[in-house]
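In: 3D, please:
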Amino acid sequence: MSSHGSPIPMSSRACGPLNGTAEVPGDKSISHRSLILGAMAVGETTITGLLEGQDVLDTAKAMRAFGAEVIDHGGGSYSVHGVGVGGFAEPDNVIDCGNSGTGVRLLMGAMATSPISVTFTGDASLNSRPMARVTDPLALFGTQAVGRAGGRLPMTLVGAAEPVPVRYEVPMPSAQVKSAVLLAGLNAPGKTVVIEAEATRDHTERMLAGFGAEITVEDTDAGRVITLTGQPELKPQHIEVPRDPSSAAFPVCAALIVPGSDVLVPGIGLNPTRAGLFTTLREMGADLTYENERLEGGEPVADLRARFSPDLHGIEVPPARAASMIDEYPVLSVVAACATGETVMRGVKELRVKESDRIDAMASGLRANGVEVEDGPDWWIVQGRGHGNIAGGATCQSHLDHRIAMSFLILGMVTQKPVQVDDGGPIATSFPIFEPLMSKLGAQVTRLSA
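Out: The predicted structure is shown next:
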């Protein structure tokens, strides 16, 4: 089953050159945070370019359940009338976060220091994912959590009535964990400190500062130290959401491997904590350029132009880069399959606990389509077959994971036989216009009868 309905089998086959402009949706990470911080501000926050994928819409619904007024003005334009820090109401019903690990973990943090009880659930994929990595640090504030065995959803959190500030060292690179602790710290007195050994995406820190929170970020020998002063009055903002680099990855990677392609992807957020894929692709020999570089809403933005790159070669991706491209390894492995030589990816154990075990899902599907892959607990190696040499012909399991489904559909654009995915339904959670956008560029992606 897909996350929100019956399975949608899909197929992709070899196509002619991809050409044109790919207007990808707004950034999912920033969209989630815009809604949550808008709900925690006092007054009206306006948002343009919001990603209207199911994940983000589920977060908007949750903010309404917490007492904020969220109004859809059409075309990705929203307004949020916030209730202030500590002003969340107790929801009448269970909060269903669908497929979104980001959504549920940020929401847990946001409510953790308010004296309310909230029960969270999700689809089969989300309910199989570990939540202790968030509930453990939230317990330090005084929050209580009761869930299924293994710290899994459905789960009820009882917010701390008298929260205390926390000093927390994040044990693994995770922007979700860091952000949950910072959001909880908003309603705790004193200073909450988060230390991360490896820098992860910093949208939460940037946006907290934009909303008027007192927050400092310092790079030290121990890592990045983020200090937040609790109980501020957040000021409403106007937020222009840049386009999502994780969504841009799919038309960009497709253009690099489909002969004759030339695709422009405008207005992509290039926050340095998110742009690792594009750096890696250029190191592999990709014809990928940045045009019209600029700042929008405090975030670096550029138009990306991707052209067919016949001389791609495998590289060893630096493990330190993993946090800046963790969601892009599945589609990178498709590019690696089309390159010559081997591409080595290490320090990526986080992929084992995403919407699916992404290493296993991609390794299994690539092997089924004729690509040699080795993998271990926190690494995998793809042996490139060079352009035009991948057999294809297999049906791949998406495991309710949108990025797995899209990655195999990109692979099918260059294989000798079409590639199928068992369920493309989860794509709607993050990239609802994927099919028409890719078709407009010239891809041959079709839905099959179940």
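
In: for the stretch 151-300 of the chain, what spans make up the strands?
Out: For the stretch 151-300 of the chain, applying DSSP state E, counting those that start in this stretch gives strands covering 152-158, 167-170, 191-196, 215-220, 223-229, 238-240, 262-269, 287-296, 299-307.

In: Those strands: which one's closest to residue 339?
Out: Of all the strands of the stretch 151-300 of the chain, strand 287-296 sits nearest to residue 339, with 13.4 Å by CB to CB. Quick note: C-beta positions are derived from backbone N, CA and C, even for glycine.

In: May I have that closest one as PDB, with CA atoms only?
Out: In PDB, the C-alpha atoms belonging to strand 287-296 read as follows (Å, rounded to 0.1, in the frame of the first residue of the first chain):
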ATOM      1  CA  ASP A 287      28.300  19.400 -16.600                       C
ATOM      2  CA  LEU A 288      26.500  21.200 -13.800                       C
ATOM      3  CA  THR A 289      26.700  25.000 -13.500                       C
ATOM      4  CA  TYR A 290      25.200  27.600 -11.100                       C
ATOM      5  CA  GLU A 291      23.600  30.600 -12.700                       C
ATOM      6  CA  ASN A 292      22.200  33.800 -11.200                       C
ATOM      7  CA  GLU A 293      23.500  33.200  -7.700                       C
ATOM      8  CA  ARG A 294      21.700  35.300  -5.100                       C
ATOM      9  CA  LEU A 295      20.300  35.400  -1.600                       C
ATOM     10  CA  GLU A 296      16.600  35.000  -0.800                       C
END
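
In: For the strands of the stretch 151-300 of the chain, give me a markdown table that also has distance to residue 340, mean pLDDT and mean neighbour count.
Out: Compiled in a markdown table, those are given as follows (distance: least, CB to CB, whole Å; pLDDT from 0 to 100; neighbours: other CB atoms under 10 Å):
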| stretch | distance to residue 340 | mean pLDDT | mean neighbour count |
| --- | --- | --- | --- |
| strand 152-158 | 42 | 97 | 19 |
| strand 167-170 | 38 | 97 | 18 |
| strand 191-196 | 36 | 98 | 21 |
| strand 215-220 | 38 | 97 | 13 |
| strand 223-229 | 37 | 97 | 20 |
| strand 238-240 | 41 | 93 | 19 |
| strand 262-269 | 22 | 96 | 21 |
| strand 287-296 | 16 | 93 | 13 |
| strand 299-307 | 18 | 94 | 20 |
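
In: and of those, who's closest to residue 323?
Out: Comparing the strands of the stretch 151-300 of the chain against residue 323 with CB to CB, the closest turns out to be strand 191-196 (8.8 Å).

In: sorry, back to before: including distance to residue 43, could the strands of the stretch 151-300 of the chain go into TSV?
Out: Shown next, in TSV, are the strands of the stretch 151-300 of the chain (distance: least, CB to CB, whole Å):
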stretch	distance to residue 43
strand 152-158	27
strand 167-170	30
strand 191-196	24
strand 215-220	20
strand 223-229	20
strand 238-240	11
strand 262-269	26
strand 287-296	22
strand 299-307	22
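
In: what's the closest of those to residue 185?
Out: With CB to CB as the yardstick, what comes closest out of the strands of the stretch 151-300 of the chain is strand 191-196 (2.9 Å).

In: Who are the packing partners of the closest one?
Out: The contact analysis (3 or more CB pairs under 8 Å, 6 or more residues apart in numbering; DSSP states H and E) places strand 191-196 against strand 167-170, helix 175-185, strand 223-229.

In: Low-confidence ranges, the stretch 1-150 of the chain, go.
Out: For the stretch 1-150 of the chain, applying pLDDT under 70 flags the ranges 1-4.

In: what ranges do the helices span in it?
Out: Along the stretch 1-150 of the chain, counting by DSSP state H, counting those that start in this stretch, helices occupy 28-40, 54-65, 101-111, 132-141.

In: Sort out which residues of the last one are buried, please.
Out: The neighbour-count check on helix 132-141 (16 or more other CB atoms under 10 Å) flags 133-135, 137-141 as buried.

In: just to revisit the earlier point, nearest approach to residue 124 belongs to which of the helices of the stretch 1-150 of the chain?
Out: Residue 124 lies closest, by CB to CB, to one member of the helices of the stretch 1-150 of the chain: helix 101-111, at 13.2 Å.
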